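1. 3D model of this:
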Amino acid sequence: MTDAELPIRGTISAFGLGQSHKGEVWHYTDSSGLVGILTSRTPTPSPEFVPGSPPVQIYPNGTLRATAATQLNDFSELQYGAQRIIDWYEAEGNATSGTIREHVPIRIVLGDLLKQLADNPAYVCCASTTRDSLEHWRGYAGEGGYALKLDAFETYTLIGRPSVDTGFMVSPEWVKVRYLPDEQDELIHSVFTQLLDPTRQMGQIVNSGDQRAAVIVVQAHLAGLAAALKHPSFEKEDEVRLIVQRPDGVTPDFRASRRGPVPYLTLGRAPFGNAQSPTVFTPLPVSEVLVGPPSGDAMEQRVRGTRTLLDAMGRAGVPVNRSELPYLP
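-> Numbering: from 1, shown residues only. I've put the predicted structure just below:
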């Protein structure tokens, strides 16, 4: 997403009031992911820029990775989200509100939406609202996984984000994935309301006559929206996603996978991170680690290792508990 010369600075929400998920979430991962999350460090601002900020992190703050939505499982997942958006827009009445000028950039993006999403995808970190979820142990945690309890009410921000004084980005937001058509329609309507309402910040840009700026804003909103829509058959996942847009000037990192190189962005917890520059990061809000199945000697070994890891990272107060599911990966 390119934002040079956009008539906006700072951070905006793509989903609007009431659509972000606030509460506990469970991020399922394997052993490598657990170690990476807890041992990774965040940048420390120089004391001259942020008076009183700690010059050194005694323990790592920890970070999360958000993967390009194009690289999650089957690409058809993104195709489904794109088609749902198009179908909603083309339904009677939805494409006729607002002014003709507002709908020009929307139709430009929708005219080739799947390519737009492939070229400028949202990035997502996946979690669940369900503790000890069989669906997620199967899908994300590998043979003997872990689930980290995180607080979605906290503020997460992108490491390396542009200054709020000179740049523009869409704020990272935890959003519950919508599976049922009625729920999806309600979320789609909420996003389009932001784009078409001339009294709102985004609506003003879409209606400004600056077509380039309007297209960029529409792209960003619809990329995040598509990442929050999944087929009803996945409803049991109870998934919630931390959805992030890549601002201009931020280059993703990459990890190897069986699907090839996978781009990702890194986020940390920063209480004022989306409204303050430079960003001051604080420890990731991990309040529990659940060790996944199978039970037995191997689980006890993983519990001991996890306890040692947490203690070494300055997280002695974080409990380590065991899954109660009788599941053999």
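2. isn't residue 288 right next to residue 319, touching?
-> Yes. The pair formed by residue 288 and residue 319 meets the contact definition of Cβ atoms under 8 Å, at 5.4 Å. Where you see a C-beta, it was placed from the backbone N, CA and C, and this is true even at glycine.
3. and these two? which has more neighbours close in?
-> More crowded of residue 288 and residue 319, by other Cβ atoms under 10 Å: residue 288, with 15 against 12.
4. now the more buried one, which residues is it bridged with?
-> With DSSP bridges as the criterion, residue 288 is bridged to residue 149.
5. show me the strands in the stretch 1-150 of the chain, by range?
-> 10-12, 24-29, 64-68, 123-128, 146-151 (DSSP state E, counting those that start in this stretch).
6. other residues contacting the following helix or strand past the last one?
-> Next along the chain after strand 146-151, taking DSSP states H and E as the criterion, comes strand 156-158. If you take Cβ atoms under 8 Å, 6 or more residues apart in numbering as the criterion, strand 156-158 is touched by 64, 169, 171-172, 174, 242, 244, 247, 250, 265-270, 273-274, 279.
7. what is the neighbour count of the nearest residue to residue 175 once chain neighbours are set aside?
-> Spatially, and ignoring its direct neighbours in sequence, residue 175 is nearest to residue 228 (4.8 Å; Cβ to Cβ, 6 or more residues apart in numbering). Using other Cβ under 10 Å, residue 228 has 26 neighbouring residues.
8. residue 223 is nearest to which of the strands of the stretch 1-150 of the chain?
-> strand 123-128 (9.3 Å; Cβ to Cβ).
9. thinking again about what came up before, in CSV: the strands of the stretch 1-150 of the chain, plus distance to residue 232, mean pLDDT and mean neighbour count.
-> Listed next are the strands of the stretch 1-150 of the chain as CSV, based on distance: least, Cβ to Cβ, whole Å; pLDDT from 0 to 100; neighbours: other Cβ atoms under 10 Å:
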stretch, distance to residue 232, mean pLDDT, mean neighbour count
strand 10-12, 30, 71, 19
strand 24-29, 21, 96, 22
strand 64-68, 23, 96, 23
strand 123-128, 17, 96, 25
strand 146-151, 24, 97, 23
